[in-house]
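Asks: Below are the sequence and a predicted model for it; my questions follow.
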Amino acid sequence: MHGVLTHASLARIPASALALLGRLRTYASVQVRIEEQRAWVRWDEAGFQVLRALLPVEGAEFFEKLDSSWHLCGYSLPAFEIPEDGFVPLAMVLTPAAVHTVPDEAEALPRVQFALKRSSEIHSARALLCKPGALAVWADMATLGEFNGILAARSGDLVLVTATGDASLPPLAGAERYWGERLLFPLGYGPDPDLPESALLTALSIRDDEFALVRHAAVEVIPRGVLQPLTRASARLGAGA
């Protein structure tokens, strides 16, 4: 994410728009509070997916927390009457509709579960997840040439950094490193089942303008447009420097 919504973690939307968040029911940190015709949504993870779902909603307002005060994204004055309690997990508010099955005479295909498995193959890291502060420290010491081909986007308290072309990722201790093109897997792991990337992209419904970060707990689908060229200034801004 980039721009005024970089640090957004709270939104106020029409209650009727909550259904757009249905695919995020598995994230425990995505919580809601309903007030008559309006609803508050807050999150600590899955920021990419939440914003992608709510940005088209007419009348949606997004907030970020600076120090101890909430602010409407893009504004410096504090926002008042922001609720701090009364939130419940999204899964308690949104429940799947009843499923009506129709018998099929044809033999059903076996269901395959997508997961990660240990891999001995050697891969070059093409992306990493790190803390904004660690990236800002590296950026202060890096040469201008080291920024070439480096893209980044922040979600919550983590920054996703990718290297394009012949660029090298920042040598950050403690960062999670990933390999792949449009499906990014942790180093030392591979997909299970071990299918071609094109087949996995189709099975996961990843669009041409998206890529996915495959973590141990979830698959995060990310629009390509959120990645922006990393600069010294943007690294400092992301760390709150």
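Replies: Yep, that arrived. Numbering: from 1, shown residues only.

Asks: Would you enumerate the residues in contact with the residue nearest in space to the middle of the chain?
Replies: The residue lying closest to the centre of the chain (C-alpha atoms, centre = their mean) is residue 48, at 3.6 Å. By C-beta atoms under 8 Å, 6 or more residues apart in numbering, the contact list for residue 48 reads 1, 153, 155, 220-223, 226. Placement of C-beta: from N, CA and C, glycine included.

Asks: try 10 Å
Replies: By C-beta atoms under 10 Å, 6 or more residues apart in numbering, the contact set of residue 48 is 1, 153, 155-156, 160, 210, 213, 220-223, 226.

Asks: Equivalent analysis for residue 95, please.
Replies: Residues near residue 95 by C-beta under 10 Å, 6+ apart: 22, 25.

Asks: Can you check the pLDDT for it?
Replies: In the predicted model, residue 95 carries a pLDDT score of 74.

Asks: for residue 112, same thing?
Replies: Looking at residue 112, its pLDDT stands at 63.

Asks: Can you give the domain ranges for the chain?
Replies: The record's domain parsing of the chain by automatic domain parsing lists 3-93, 115-238.

Asks: In terms of mean pLDDT, which of those ranks lowest?
Replies: Across those, domain 3-93 gives the lowest mean pLDDT, at a mean of 87.

Asks: That one: how far from the chain's middle?
Replies: The chain centroid and the centroid of domain 3-93 are separated by 14 Å, computed with C-alpha atoms, centre = their mean, to the nearest Å.

Asks: Equivalent analysis for stretch 174-189, please.
Replies: On C-alpha atoms, centre = their mean, the centre of stretch 174-189 falls 15 Å from that of its chain.

Asks: Can you mark which positions in it are buried?
Replies: Neighbour-count burial for stretch 174-189, counted by 16 or more other C-beta atoms under 10 Å, picks out 175-180, 183-186, 189.

Asks: same thing with stretch 48-67?
Replies: Those would be 48-54, 60-64, for stretch 48-67 by 16+ other C-beta under 10 Å.
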